[in-house]
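Undergrad: Structure for the following, please:
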Amino acid sequence: MKGGYFLVIYLEKSQNIRTKAKGFSLKKGYYVYVGSAMRSLEKRVSRHFKKKKRFHWHIDYLLDKAQLIDAYLIPTNAKIEEKLSQALNSAVTGIEGFGASDVAVKTNLYYFGDTPPYEVLTNILNSMKLRWKRVKNPRDIMEWREENVEDR
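TA: Numbering: from 1, shown residues only. Next comes the predicted model:
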């Protein structure tokens, strides 16, 4: 299944996150990362829940230091990563240069501070009239996948 996703992340303490080429000074709090998976949404998001993996994307470096609380799966054949990121950018502060190397936005990581992002995410998804599912682990993803077998 193809689609986009949000990752809800909590960073317990302020710290520097170093990727292959950049460093980011991140504050303690909630973050949301926007991504897309135009081959297998289920596999991509399941990978983000794994602690042991080869680092490939910026988000891998952050998830090594932070807690992935849950994810929002957004099945669609359309490339919506940029639109999702733009919607978040109008609501909260973005971390410039984090991710988003293949889209025309300055970031795919957004900072919510001490405020959990759930209401903002739900409002964005519902206003865009998108189907979505909030999941907390890879098992939830696979159960959702089986429920939506006709969409593959």
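Undergrad: Strands of the protein, start to end?
TA: 3-11, 15-18, 23-26, 29-37, 67-75, 93-94, 109-113, 133-135 (DSSP state E).
Undergrad: In CSV: the ones you listed, plus distance to residue 48 and mean neighbour count.
TA: From N, CA and C alone the C-beta is placed, and that goes for glycine too. Rendered in CSV, the data for these read as follows (distance: least, CB to CB, whole Å; neighbours: other CB atoms under 10 Å):
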stretch, distance to residue 48, mean neighbour count
strand 3-11, 6, 23
strand 15-18, 15, 14
strand 23-26, 17, 15
strand 29-37, 8, 23
strand 67-75, 6, 20
strand 93-94, 19, 18
strand 109-113, 13, 20
strand 133-135, 11, 18
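Undergrad: remind me which residues of this structure are low pLDDT?
TA: Within the chain, the segments meeting pLDDT under 70 span 100-104, 146-152.
Undergrad: Residue 117 - nearest residue in space that isn't next to it in sequence?
TA: residue 32 (5.0 Å; CB to CB, 6 or more residues apart in numbering).
Undergrad: now do residue 13
TA: Spatial nearest neighbour of residue 13, excluding adjacent residues (CB to CB, 6+ apart): residue 28 at 5.2 Å.
Undergrad: thinking the one you found is in contact with residue 12, fair?
TA: Yes: using CB atoms under 8 Å, residue 28 is in contact with residue 12, at 6.5 Å.
Undergrad: Looking only at neighbour counts, state which of the two leads.
TA: More neighbours surround residue 28 than the other of residue 28 and residue 12, with 13 against 10 (other CB atoms under 10 Å).
Undergrad: Okay, helices next: where are they in this structure?
TA: Applying DSSP state H to the chain gives helices spanning 41-49, 58-63, 81-89, 118-127, 138-147.
Undergrad: returning to what we had before: for the residue nearest to residue 13, phi and psi?
TA: With angles defined as degrees, to the nearest 10, residue 28 sits at phi -60, psi 140.
Undergrad: do the same with the one 10 residues further on
TA: Main-chain torsions, residue 38, degrees, to the nearest 10: phi -90, psi 10.
Undergrad: count of neighbours near the nearest residue to it once chain neighbours are set aside?
TA: Spatial nearest neighbour of residue 38, chain neighbours left out: residue 2 (5.0 Å); criterion: CB to CB, 6+ apart. Neighbours of residue 2 under the rule other CB under 10 Å: 18.
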